[in-house]
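*Asks:* With the input below, show me the fold.
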Amino acid sequence: RSLHVPFTLTARAENLLHGVDDLDDTIRRLQAFEEAGADVLYAPGLRTLEQMRTVVDSVGKPVNVVMGMADPSITLDQLAEIGVRRVSIGGALSRLALKAFLDGAREMREGRFGFVTGIAPIADLHQAFD
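*Replies:* Residues are numbered from 1 along each chain as shown. The predicted structure is shown next:
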């Protein structure tokens, strides 16, 4: 806090990523990070809205949820309703793009090119990046 530049310290409890499926332990770790001064608390690997609600209700700092690992039917409105303050997607968009690339490459290897019917028109790309 004594630095002359603003920063946000996000603390991650990664047990869910490493096969430790113990939400109580995850919460204890997040609470310890909160006591140590973390600004945002993050437990990658939360999958359900109920797990997310339990975490949010157990800490007093903003909670980040990564949707690249969670139930995709959960909406931004639902996350806001339970008190999630920050939402990330991890590498989900890059993995989506890589999947499309691999699907197209497999189709070309089979001698087909039907994937071109689903590509974005160049004009749309220009508009998106202008």
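
*Asks:* CA atoms for contacts and neighbours, from now on please.
*Replies:* Will do.

*Asks:* hang on, N64 is in a strand, isn't it?
*Replies:* Yes. Looking at N64 with DSSP: H, G, I helix; E, B strand; the rest coil, it is inside a strand.

*Asks:* and it, how many neighbours?
*Replies:* By other C-alpha atoms under 10 Å, the residues close to N64 number 22.

*Asks:* Okay, helices next: where are they in the protein?
*Replies:* In the chain, helices defined by DSSP state H lie at 23-35, 49-58, 76-82, 92-109, 122-129, listed in chain order.

*Asks:* Compare those helices and give me the one nearest L17.
*Replies:* helix 23-35 (10.8 Å; C-alpha to C-alpha).

*Asks:* Kindly provide the distance from M108 to F115.
*Replies:* 9 Å (C-alpha to C-alpha, to the nearest Å).

*Asks:* Dump the helices of the chain to TSV, plus mean neighbour count.
*Replies:* As requested, those are exported to TSV (neighbours: other C-alpha atoms under 10 Å):
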stretch	mean neighbour count
helix 23-35	18
helix 49-58	17
helix 76-82	13
helix 92-109	13
helix 122-129	8
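
*Asks:* Output those as CSV; include the columns mean pLDDT and distance to V5.
*Replies:* Converted to CSV, those look like this (pLDDT from 0 to 100; distance: least, C-alpha to C-alpha, whole Å):
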stretch, mean pLDDT, distance to V5
helix 23-35, 97, 21
helix 49-58, 98, 28
helix 76-82, 98, 29
helix 92-109, 96, 31
helix 122-129, 93, 31
